[in-house]
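**Q** This is the structure alone, sequence omitted:
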């Protein structure tokens, strides 16, 4: 019988859906995905860009990939090419609450200079940033994709993720895929939270 060793190569948290990743040396697992060990509220895909009352991601605006967040002691720091650094304080949270039409989930909308920053960089008016508050009801996975091969449990929930709170990606899978592609891609194209390699 052949045994395999799975090695965790990287842990990645994407604070803002569809924006850059933050590499961490350690993380804790929560019902909403990976978070900082020091603060479970600073977690994966906890923030999201919206246009009006609809979610926006790289499929709509590829330039989102150039937005790089950083966790700091005073707030979420946001950088992008040609833009002044934006600092989003962890508290107080914005008071304006909005329901996202296509996700049936709520968020606290920042507005003001934060909304202006995203609209300017992404070259689109009426953009804003929202934050998922613990008091809101999360999305239930079984309602997102009823036909998914593995049946979701009632307790399976996500915040602003597409499907699952955790995304595992293996280097071997990417190597195998690249053998079939004309233009090779990187594992980061799939935006995994846990990057692994497998030793046989």
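**A** All right, it came through fine. Since the structure is predicted, the reported quantities are computational estimates derived from the model, not experimental observations.
**Q** Could you point out the longest helix of the chain?
**A** Looking across the chain with DSSP state H, the single longest helix is helix 112-121.
**Q** hmm, who's touching that one?
**A** 49, 63, 66-67, 78, 80, 82-83, 86, 88, 109, 125-129 (Cβ atoms under 8 Å, 6 or more residues apart in numbering). All C-beta spots, glycine's among them, are computed from the backbone N, C-alpha and C.
**Q** any idea which helix or strand comes after that helix?
**A** Following helix 112-121 in sequence order, the next helix or strand is strand 127-131 (DSSP states H and E).
**Q** same for that following strand, what does it pack against?
**A** On a contact count with 3 or more Cβ pairs under 8 Å, 6 or more residues apart in numbering; DSSP states H and E, strand 127-131 meets strand 47-51, strand 105-109, helix 112-121.
**Q** Report all helices and strands that the first one contacts.
**A** For strand 47-51, the elements it packs on are strand 96-100, strand 105-109, strand 127-131, judged by 3+ Cβ pairs under 8 Å, 6+ apart.
**Q** if you compare these, which one is most tucked away?
**A** With neighbours defined as mean count of other Cβ atoms under 10 Å, those peak in mean count at strand 127-131, which reaches a mean of 24.
**Q** Please state the offset of it from the chain centre?
**A** Centroid separation between strand 127-131 and its chain, computed with Cα atoms, centre = their mean, to the nearest Å, is 13 Å.
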